[in-house]
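Asker: got a predicted model here, sequence first, then my questions.
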Amino acid sequence: MSWKQAFSSSVGKKIQMSLTGIFLILFLIVHCYINAQIWFGEDAFLTAAHFMGTNVVIRTIEIGLFAFLILHIVQGLSLWAKNSKRRNTRYAVKAGSQTSPWYRRSMGLLGTLILLFLIIHLSKFWGPNRFAQTFGSGELNLYELMKEEFQNVVIVVIYLLGCFALAWHLVHGVYSSMQTLGLTTHRYKTMIKNVGVAFSIIVTVIFALMPISFYMHWVN
Amino acid sequence: MEHYHMNLTLKVWKQKNKNEKGRFETYQVKNISSEMSFLEMFDVLNEQLVAENKEPIAFDHDCREGICGMCSMYINGRAHGPWHHTTTCQLHMREYKDGDTIVVEPWRANSFPVIKDLVVDRQAFDRIIQAGGYVSVNTGNAVDANAIPIEKHDADESFASAACIGCGACVAACPNASAMLFVSAKVSHLSLLPQGDPERKTRAMNMIHQMDKEGFGSCTNIGACEAECPKGISLENIARLNREYLGAMFDGGSQNAI
Ligand code: SF4
Ligand code: FES
């Protein structure tokens, strides 16, 4: 069996979702760490942002990040579309949350919400910054940009909703990626589930605190 | 528990054959004993229908003791009804009270087409087994079953996976209509034992390939299957199947597969 065949079976596609998902989780950790620098002053944040925006290794990984992100999205949406065609006659009475929690059944929806959020997010910070770097007068001061953007309550609310969707996506995503790689054995499954939940809470709370901190003037 | 009687309203799926569109039919049953099983209640209803010169409802059953896996009914939104680790034949009417309405549907999945009313065609499972759910044994003198030492823990685990009765409740309950729990149970009980080891790589590959070919959905680790499985097959089996698949993927020997 060729590699192509191996990755294109239903389990192979799960493995693709799992591996790209784990890469995106690692990215979130880095992103979160950089964000947290705002609480150590503008200089700390700008140094970190400058490194991430200009270091050649990071910029190369950035290409991979987008490739994996797109693969994760395309594969996820196609899974969602295909799986919804496996039962042409629907049940009149559904089990709903009697047999599984809602977020496990809503990964496609949560993922789509995150994607919509991501489009807004990238067009506010990453996009203009790279544009200025390439065609304009160099890097933007992202700290000042955030300070400005997060005065708008609508933007803050959109960011909080994005964090909400991310949290639930991660609660299932962390566990699910490990299950797909077969790591959730009897010994480890409870630990993996708990670590997944803790991780989701910590990461999204840090993300959510950023727009709030600017809006409430906790940082200046 | 005290014995009582009840009158019930049943909404049951009626469908002539695979191609015809089905619909719900409403029936009244009276004087049902709380000590009857769910299938006995259906027997009463069918006798009543026959007496009225109407067509009885077709439903699958065989052992009526929870071991054959035939009695597929989706009852009020639950595969085999609301009881944990129970098939429909083991569900008893003491679950219900006088005046209740019960909606009964067949397993719904494109890979399990309805043959008639509540009876579905589960041959897709047989074809998955044929693709790799076996061990090849040379002919000759019968080998002593206990000749190979097997660790107790592995034997127990294998036995627990072998408890799968192929009922298809996992597919019926899965929002994706995926057959991963069934396939994982069948792969697990063989690959945990030394007799199953020589063919483990091709087995995982071929069974998954057949599962995809049959049109079952992809597993997204929702876990509704585990919640509904009458035999307590756990998601750990799916994790094991994924490991088997990864193992086969990285192994040159799996060229024989597919
Ligand atoms: S895994 Fe459980 S629910 Fe699925 S076929 Fe086997 S016994 Fe039935
Ligand atoms: S009739 Fe055999 S398991 Fe129910």
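Answerer: Thanks, I have the structure now. Residues are numbered from 1 along each chain as shown, chains lettered A, B, ... in the order given. Ligands and ions are numbered 1, 2, ... in the order given.
Asker: going forward, measure contacts and count neighbours with C-alpha atoms only.
Answerer: Will do.
Asker: got a list of what the closest residue to A:Leu140 other than its chain neighbours touches?
Answerer: Closest residue to A:Leu140 apart from its sequence neighbours, by C-alpha to C-alpha, 6 or more residues apart in numbering or on different chains: A:Asn129 at 5.5 Å. Counting by C-alpha atoms under 8 Å, 6 or more residues apart in numbering or on different chains, A:Asn129 touches A:139-140, A:142.
Asker: Three-state assignment for A:Val157, please.
Answerer: helix (DSSP: H, G, I helix; E, B strand; the rest coil).
Asker: need the contact list for B:Arg240.
Answerer: Contacts of B:Arg240 (C-alpha under 8 Å, 6+ apart): A:182, A:185, B:184, B:188.
Asker: distance of the second one relative to B:Lys186?
Answerer: In this case it means A:Thr185. Remark: distance between A:Thr185 and B:Lys186 (C-alpha to C-alpha, to the nearest Å) = 17 Å.
Asker: looking at those two now, which is surrounded by more residues?
Answerer: B:Lys186 (28 against 17; other C-alpha atoms under 10 Å in any protein chain shown).
Asker: any idea how far that one lies from chain A?
Answerer: 16 Å (C-alpha to the nearest C-alpha, to the nearest Å).
Asker: tell me the pLDDT of that residue.
Answerer: B:Lys186 carries a pLDDT score of 97 in this model.
Asker: test my guess that it contacts B:Ile165.
Answerer: No. Using C-alpha atoms under 8 Å, B:Lys186 is not in contact with B:Ile165; the gap is 9.9 Å.
Asker: lowest-pLDDT helix or strand in chain A?
Answerer: Of all helical and strand segments in chain A, the minimum by mean pLDDT, DSSP states H and E falls on helix A:3-8, at a mean of 86.
Asker: that one close to chain B?
Answerer: Yes. Looking at helix A:3-8 against chain B by C-alpha under 8 Å from any C-alpha of the partner chain, the contacts come from A:3, A:6.
Asker: quick one on the thing from earlier: ok so the residue nearest to A:Leu140 is a strand residue?
Answerer: No. A:Asn129: not assigned to a strand; according to three-state DSSP it is helix.
Asker: just give the nearest non-adjacent residue to A:Ser84, would you?
Answerer: A:Ser84's closest residue in space is B:Asn176 (C-alpha to C-alpha, 6+ apart), at 6.5 Å.
Asker: check contacts around that neighbour.
Answerer: B:Asn176 touches A:83-84, A:86-87, B:216-220, counting by C-alpha under 8 Å, 6+ apart.
Asker: may I ask which two of those are separated the most?
Answerer: Farthest-apart pair in the contacts of B:Asn176 is A:Arg87 and B:Thr220; separation 15.6 Å (C-alpha to C-alpha).
Asker: looking at these two, which is more packed in?
Answerer: Each of A:Arg87 and B:Thr220 has its neighbours counted (other C-alpha under 10 Å); B:Thr220 has more, 27 against 21.
Asker: so how far is the least confident helix or strand of chain A from its chain's centroid?
Answerer: Chain-centre distance of helix A:3-8: 26 Å, with C-alpha atoms, centre = their mean, to the nearest Å.
Asker: if I look at whatever residue of chain A ends up closest to ligand 1, how far off is B:Cys174?
Answerer: Residue nearest to ligand 1 within chain A (C-alpha to the nearest ligand atom): A:Thr99, separated by 12.8 Å. Here A:Thr99 is placed at a distance of 9 Å from B:Cys174 (C-alpha to C-alpha).
Asker: got the contact list for B:Met70?
Answerer: B:60-62, B:167.
Asker: which of those count as buried?
Answerer: Buried by 16 or more other C-alpha atoms under 10 Å in any protein chain shown: B:60-61, B:167, out of these.
Asker: quick one: which two of the contacts of B:Met70 are the most distant?
Answerer: Between any two of these (C-alpha to C-alpha), the greatest distance is 11.8 Å, for B:Asp62 and B:Cys167.
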